[in-house]
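Enquirer: Here is a sequence together with a model predicted from it:
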Amino acid sequence: METRTKIVCTIGPSVRSYEKILELIDAGMNCARLNFSHGTHDEHREVIFSLKKAREERKIPLCIMLDTKGPEIRVGLLKEGQVPLKEKQRILLVGQEREGDAQRISIMPSSALESLEVGMRVLFDDGYIISVVVEVTKEGVVVEVQNNGVLKNRKGVNLPDTKVNLPAMTEQDRLDLAFGVEMDVDLIAASFIRSAEHVLEIKRYLIEQGKSDILVMAKIESREGVDHFDSIVQAADGIMVARGDLGVELPLEEVPHLQKMMIRKCYLVNKPVITATQMLESMINNPRPTRAEASDVANAIYDSTSAVMLSGETAAGKYPIEAVKIMRRIVKEAERDFSYRDFFHVQSRQPFRDISISVAVATVSTAYNAGAKAIFVLTNSGLSSRILARFRPSMPILALSPKLKTYHQLALNWGVIPVPSTFAKNEREALEIIGAYAKKIQEVQEGDLIVLSAGTPFGVSGSTNLMLVENIGDVAVRGQPGFGSLIHGQIKIVHSPEEEKEENLIRRIVVITRCDPSLFSLLRQVGGIILQNIPQDADSEKYALELAKRYNIPMIYRAEAALKFLKDDRSVTLDPEKGIVCNGSKKAVKNG
């Protein structure tokens with residue numbers, strides 16, 4: 001598994017070509033973001049076609065995200081494209097669309113000016129130019145500039161001291177969403193969400209368009225969004241912590257703890273969360289990030305973010321592919337240091353009344369206790385895998401869904417490896433499908449233990465109520481790991497040791513029910529030992545282990561029902577490291 005934390009890349013001029021998109025995928029991109037604050041529908045259409053072609057060529061899941069422009073507040077057009085502003089200078093802000101100058105500047109939409117009062121701040125260009133309201137007149141709002149700067153066309157405006165009456169969607173947003181529906185994107189990132197109703201309005205629009213399966217992620221970029229976060233996270237399918245505008249609207253020193261708060265509340269309600277903006281920003285112009293940026297990415301991993309995002313670094317940077325590769329390296333190193341079991345211990349202690357969550361807790365707990373190599377999950381909508389991801393297990397979560405849309409959406413979920421969309425008739429068939437894929441990508445090997453989470457009745461959404469513990473492959477008998485390495489051979493059942501001859505047992509894998517020193521000479525040339533004993537028979541275990549080590553014989557013990565399922569002369573593979581016996585000859589596969 002490359003990384004548990006997923007990587008979102010913004011597509012722009014630097015990586016718009018098909019070849020660059022393939023390079024982004026190979027470097028580690030899991031989700032492609034299209035920023036609809038820039039570009040035309042024709043340009044975005046071309047990119048989406050390339051993304052879909054690339055994910056099909058690479059045979060990987062790739063989530064395609066449409067990031068809306070949203071109800072932004074911006075300055076209008078300015079003479080010569082920009083206006084120099086000086087400290088103490090006063091300018092009139094008006095709601096009429098006109099060409100601005102050093103005395104009068106238009107603000108769009110005009111309704112943004114209605115809530116301003118004397119003493120409130122008006123910030124331009126991501127807060128780089130600060131002004132304060134000194135007078136409200138019939139013509140408009142007079143502000144006094146607090147620092148020198150150059151204001152350019154269409155720059156953003158922030159009003160951090162007031163609640164702004166803006167719609168959830170502008171007319172342009174509706175056109176963009178209709179385009180997203182036409183292109184069948186996987187996810188909408190809704191900008192400037194300030195209430196749960198804003199999320200629901202967008203979802204209602206998608207339902208009307210017959211696309212209720214497109215997920216809606218709310219971008220938190222304002223004080224209102226923070227104040228209403230608890231209801232927003234319940235309504236949305238995920239959250240983007242948009243630290244750029246958030247750091248303008250709120251004091252900078254509040255952003256770190258708000259980031260931690262939002263990430264925590266997201267995983268507590270089984271929702272993915274993206275940490276975004278300025279993560280490796282210096283790489284727009286430099287081949288390496290700053291040490292502070294590397295620490296910023298790592299700390300987001302320690303906070304348990306689901307994904308990290310690159311914006312200008314990939315969209316318009318000089319080193320877009322290098323930025324993704326470095327991001328992946330930082331993520332992998334931080335994940336190596338993450339305390340997965342401690343995290344699960346803390347998160348699983350609270351009581352859960354929801355059946356699906358209770359099954360998820362049991363699944364992860366069993367996976368740890370049994371030493372499982374992976375968790376398999378069957379899911380229609382992706383919810384079951386998101387619930388499992390909430391507990392941040394150290395083993396990969398392989399999720400199978402019959403829906404292609406879910407397959408690509410799950411690419412954004414922490415720790416989830418989506419299995420190519422295939423219909424399975426029942427749990428056993430699904431287990432075989434996921435197991436075959438897991439072996440193909442070398443997440444598991446023959447004989448490995450896995451835990452499967454599913455629901456009955458099979459294929460019904462929201463009914464996760466079943467957990468199975470299974471071995472990968474055709475396992476005939478399970479026991480306890482003993483001594484030695486994997487070996488192939490033919491079975492010989494030893495019912496009465498006193499009646500057996502040593503030459504008849506040479507290189508055979510023998511099944512015995514007890515062991516003591518009197519059997520050492522008889523069994524010293526066998527190929528392997530399967531001891532079917534009860535746990536209370538500690539002496540047999542001790543002597544069998546002594547025999548195995550003395551003559552270098554592979555051995556397992558407590559092999560329940562070995563006499564029932566194994567017959568003389570059957571070809572099997574004895575795997576002492578896993579404590580299992582498989583039918584037929586299996587190759588040993590080393591983990592990389």
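Expert: Happy to help now that I have it.
Enquirer: helix/strand/coil for Arg341?
Expert: Three-state assignment for Arg341 (DSSP: H, G, I helix; E, B strand; the rest coil): helix.
Enquirer: if I look at Ser453, how far off is Tyr267?
Expert: To Tyr267, Ser453 is 18 Å away according to C-beta to C-beta, to the nearest Å. C-beta coordinates here come from the backbone N, C-alpha and C atoms, glycine included.
Enquirer: Please say which of these two ends up with more neighbours.
Expert: Set Ser453 next to Tyr267 and count neighbours by other C-beta atoms under 10 Å: Ser453 wins out with 28 against 22.
Enquirer: Which helix or strand lies directly C-terminal to the helix or strand hosting the more buried one?
Expert: Taking DSSP states H and E as the definition, one finds Ser453 inside strand 449-455. Next in sequence after strand 449-455, counting helices and strands by DSSP H and E, comes strand 464-471.
Enquirer: packing partners for the helix or strand that comes right after that next one?
Expert: Heading C-terminal from strand 464-471, the first helix or strand you meet, by DSSP H and E, is strand 475-478. If contacts are counted by 3 or more C-beta pairs under 8 Å, 6 or more residues apart in numbering; DSSP states H and E, strand 475-478 sits against helix 562-565, strand 580-583.
Enquirer: highest average neighbour count across those?
Expert: Highest mean neighbour count of the helices and strands packed on strand 475-478: strand 580-583, a mean of 23 (counted as mean count of other C-beta atoms under 10 Å).
Enquirer: ok, residues contacting that strand?
Expert: 446-447, 471, 473-479, 509, 530, 556, 559, 562, 566, 570-575 (C-beta atoms under 8 Å, 6 or more residues apart in numbering).
Enquirer: just the buried members of those residues?
Expert: 446-447, 471, 473, 475-479, 509, 530, 556, 559, 562, 566, 570, 572-575 (16 or more other C-beta atoms under 10 Å).
Enquirer: Show me the shaky parts of the protein.
Expert: 1, 456-463, 586-592 (pLDDT under 70).
Enquirer: which residue lies farthest from the center of it?
Expert: Each residue of the chain has a distance to the centre, and by C-alpha atoms, centre = their mean the biggest one is for Glu499: 60.5 Å.
Enquirer: For it, give me phi and psi.
Expert: For Glu499, the backbone dihedrals (degrees, to the nearest 10) come out as phi -100, psi 0.
Enquirer: Just want to check the distance between it and Leu505.
Expert: Glu499 is 12 Å from Leu505, where distance means C-beta to C-beta.
Enquirer: what does Ser37 give?
Expert: For Ser37, the distance to Leu505 - C-beta to C-beta - is 77 Å.
Enquirer: Please say which of those two ends up with more neighbours.
Expert: Neighbour count, other C-beta under 10 Å: between Ser37 and Leu505, Leu505 has more, with 19 against 14.
Enquirer: which residues touch the more buried one?
Expert: 492, 494, 522-523, 525-526.
Enquirer: Farthest pair within those residues?
Expert: Spatial extent of the contacts of Leu505 (C-beta to C-beta) is set by the pair Val494 and Gln525 at 13.3 Å.
Enquirer: where do the strands sit along the stretch 351-500 of the chain?
Expert: Along the stretch 351-500 of the chain, the stretches classed as strands by DSSP state E, counting those that start in this stretch are 374-378, 397-400, 416-419, 449-455, 464-471, 475-478, 480-483, 487-493.
Enquirer: Please work out how many residues are found near the nearest residue to Arg45 once chain neighbours are set aside.
Expert: Leaving aside its chain neighbours, Arg45 sits nearest to Met183 (6.5 Å; criterion: C-beta to C-beta, 6 or more residues apart in numbering). For Met183, the tally of surrounding residues (other C-beta under 10 Å) stands at 18.
Enquirer: And Ala27, how far from Ala323?
Expert: 9 Å.
Enquirer: So if I had to pick from those two, which one is more boxed in?
Expert: Ala323 (30 against 19).
Enquirer: per the record, what domains does this protein have?
Expert: 6-71+168-338, 74-158, 341-473, 476-583 (automatic domain parsing).
Enquirer: Buried ones in stretch 149-159, by neighbour count?
Expert: Applying 16+ other C-beta under 10 Å to stretch 149-159 flags 149, 151, 153, 155-159 as buried.
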